[in-house]
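*Asks:* let me see the structure of the following:
(one chain, ligands or ions: 2)
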Amino acid sequence: MHQDLLKEAEKFINISYHELKKSDQEIKARLLEIKDEINRFGYYKHTFEELEYGAKLAWRNSNRCIGRLFWEKLNVFDMRHLSTEESIAHALLEHIKYATNQGRIRSTITVFHQKTPDQSIKIWNHQLIRYAGYQTENGIIGDPDSLAFTRECEKLGWKGKGSQFDVLPLVVQINDNKPYMIDIPNDLILEVPIHHPEYDWFKDLRIKWYSVPIISSMKLEIGGIVYTASPFNGWYMGTEIGARNLADENRYNILPKISSCMGLDQSKNSSLWKDRALVELNIAVLHSYKENKVSIVDHHTASHQFKQFEENERKMERPLTGNWTWLIPPLAPATSHIFYKQYNNEINKPNYFYQKPPYS
Ligand code: HEM
Ligand SMILES: N=C(Nc1cccc(CNC[C@@H]2CCCN2)c1)c1cccs1
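*Replies:* Ligands and ions are numbered 1, 2, ... in the order given. Presented below is the predicted three-dimensional model:
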């Protein structure tokens, strides 16, 4: 058991210290320290520099991520010293504030204490900011993806307003303690009303989305150490909102409404009414975020940025890994160079991984 941990630690220290241009001397010394710590405690503690670079490497190794050109620009908040639910929840609110930055979104990760035999920290939210989903006798209100988590929050005493866009509370759990739940203050939640640059009726659909996607359900693994609470954010690619979150039938499913307002013929597939509604919805999303000065990237620009990332990695003689099925954008995929290439989907570490949900 400690052998694997030591092996993972050695691989990580060798890669990171080499890239950080440290001497062989330093590498050897650090490895001795870690070996000793593992022998005494069964795990070891990262320096801040190791944690910071490890979080960046994990982003660079995220095969499904099209946004990796900016992997070196990640703001890392070290919150490993926090040991109470209240202080952890407060740090999450600070993360939301700092990352949002009034719309000039800053890629940020907050890392809480590593998993050890006597301490595990779990954030129950999928994303720090997300809308509730309610099952009612006449269908689902809100985000169907949130049905299970919304029920957990209600079990913990939360009561939503029952609207299409109720922001869920934060839920933090240490070990097997009763989960700690708090509402996010409204002034911390920056949202964008979705309007269309030409179709004035679009605003009557009364749809909006939140500015900052902050993934809080994945774990970060660096050199054999697992950080089960390590929420991270970037900014949205428009298609995530316009081609999936608002468009999927099992999400907000608004294409039929848009198509009716556009007066399209929904009686036959070949009118491509779905495609026309999709394009206008995605134009509206990009237009609205830009109008509100909230960071967003269109899928064409994001593809070009990813191409630059590929070139940088080749120049640095690092083998590129990627997951084609996630990298191609869901809208006009064949207009992206990604569509025409194959990618090695090998999983390198450090990386971000799914973990089993704390509730079920
Ligand atoms: C800066 C702007 C960024 C953009 C535009 C971006 C874009 C994306 C998109 C579009 C996806 C696919 C998501 C989906 O289809 O559900 C994705 C996946 C992913 N991104 Fe990025 N990303 C960015 C930054 C980051 C950062 C800062 C991290 C971590 C430090 C990150 C880690 C990941 C991971 C781990 C996945 C895979 C998630 C999964 O497997 O469910 N990304 N990214
Ligand atoms: N732009 C983003 N999008 C993103 C990134 C990772 C994961 C997700 C959520 N993906 C899960 C959904 C639900 C199933 C398929 N997609 C979104 C970012 C979120 C956090 C950093 S970047």
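
*Asks:* in the stretch 151-300 of the chain, where is pLDDT below threshold?
*Replies:* Counting by pLDDT under 70, the stretch 151-300 of the chain contains no low-confidence residues.

*Asks:* show me the helices in it, by range?
*Replies:* 238-239, 255-261, 273-291, 299-315 (DSSP state H, counting those that start in this stretch).

*Asks:* and those helices, which is most packed in?
*Replies:* helix 238-239 (a mean of 26; mean count of other Cβ atoms under 10 Å). (C-beta placed from N, C-alpha, C; glycine too.)

*Asks:* helices or strands up against that one?
*Replies:* Under the contact definition 3 or more Cβ pairs under 8 Å, 6 or more residues apart in numbering; DSSP states H and E, helix 238-239 sits against helix 273-291.

*Asks:* what does the helix it packs on contact?
*Replies:* 192-197, 199, 202, 209, 211, 236, 238-239, 241-243, 246-247, 254-256, 258-259, 262, 264-266, 295-296, 298, 331 (Cβ atoms under 8 Å, 6 or more residues apart in numbering).

*Asks:* does any part of that helix sit near ligand 1?
*Replies:* No: legend: contact between helix 273-291 and ligand 1 by Cβ under 6 Å from any ligand atom is lacking; minimum distance shown is 11.9 Å.

*Asks:* CA atoms only: put that helix into CSV for me.
*Replies:* Coordinates of each C-alpha in helix 273-291 appear next as CSV, following Å, rounded to 0.1, in the frame of the first residue of the first chain:
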residue,chain,number,x,y,z
TRP,A,273,-36.5,23.6,-37.1
LYS,A,274,-34.5,22.2,-34.2
ASP,A,275,-31.2,23.2,-35.9
ARG,A,276,-32.5,26.8,-36.6
ALA,A,277,-33.8,27.1,-33.0
LEU,A,278,-30.4,25.8,-31.7
VAL,A,279,-28.4,28.3,-33.6
GLU,A,280,-30.5,31.3,-32.5
LEU,A,281,-30.4,30.1,-28.9
ASN,A,282,-26.6,29.9,-29.1
ILE,A,283,-26.4,33.4,-30.7
ALA,A,284,-28.5,34.7,-27.9
VAL,A,285,-26.3,33.1,-25.2
LEU,A,286,-23.1,34.5,-26.6
HIS,A,287,-24.7,37.9,-27.2
SER,A,288,-26.2,38.1,-23.7
TYR,A,289,-22.9,37.2,-21.8
LYS,A,290,-21.0,39.7,-23.9
GLU,A,291,-23.6,42.4,-23.3
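
*Asks:* now the angle between helix 299-315 and that helix, please.
*Replies:* Counting by axes from the mean of the first three to the mean of the last three Cα atoms, to 10 degrees, helix 273-291 points 70 degrees away from the direction of helix 299-315.

*Asks:* helix 273-291 close to ligand 2?
*Replies:* No: judged by Cβ under 6 Å from any ligand atom, helix 273-291 stays clear of ligand 2, getting no closer than 12.2 Å.

*Asks:* sketch out the strands for the stretch 1-150 of the chain, chain order is fine.
*Replies:* 75-79, 108-112, 121-123, 133-136, 139-142 (DSSP state E, counting those that start in this stretch).

*Asks:* show me which residues of the protein sit near ligand 2.
*Replies:* 213, 215, 232-234, 236-237, 240.

*Asks:* switch to 8 Å and redo it
*Replies:* Selection of the chain residues close to ligand 2 by Cβ under 8 Å from any ligand atom yields 64-65, 67, 107, 126-127, 145, 213-215, 218, 232-237, 240, 244.

*Asks:* ok and the residue in the chain nearest ligand 2?
*Replies:* residue 234 (3.1 Å; Cβ to the nearest ligand atom).

*Asks:* show me the shaky parts of the stretch 1-150 of the chain.
*Replies:* Those would be 1, if you go by pLDDT under 70 across the stretch 1-150 of the chain.

*Asks:* helices of that one, residue ranges please.
*Replies:* 2-19, 24-41, 48-60, 85-100, 147-155.

*Asks:* a markdown table for the ones you listed, including distance to ligand 1?
*Replies:* As requested, these are exported to a markdown table (distance: least, Cβ to the nearest ligand atom, whole Å):
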| stretch | distance to ligand 1 |
| --- | --- |
| helix 2-19 | 16 |
| helix 24-41 | 24 |
| helix 48-60 | 4 |
| helix 85-100 | 10 |
| helix 147-155 | 16 |
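
*Asks:* before we move on, back to that, return only those of the contacts of helix 273-291 found close to ligand 1.
*Replies:* Checking these against ligand 1 (Cβ under 8 Å from any ligand atom), the matches are 236, 239.

*Asks:* now restrict the contacts of helix 273-291 to buried residues only.
*Replies:* Among the contacts of helix 273-291, the ones that count as buried by 16 or more other Cβ atoms under 10 Å are 192, 194-196, 199, 202, 209, 211, 236, 238-239, 241-243, 246-247, 254-255, 258-259, 264, 295-296, 298, 331.
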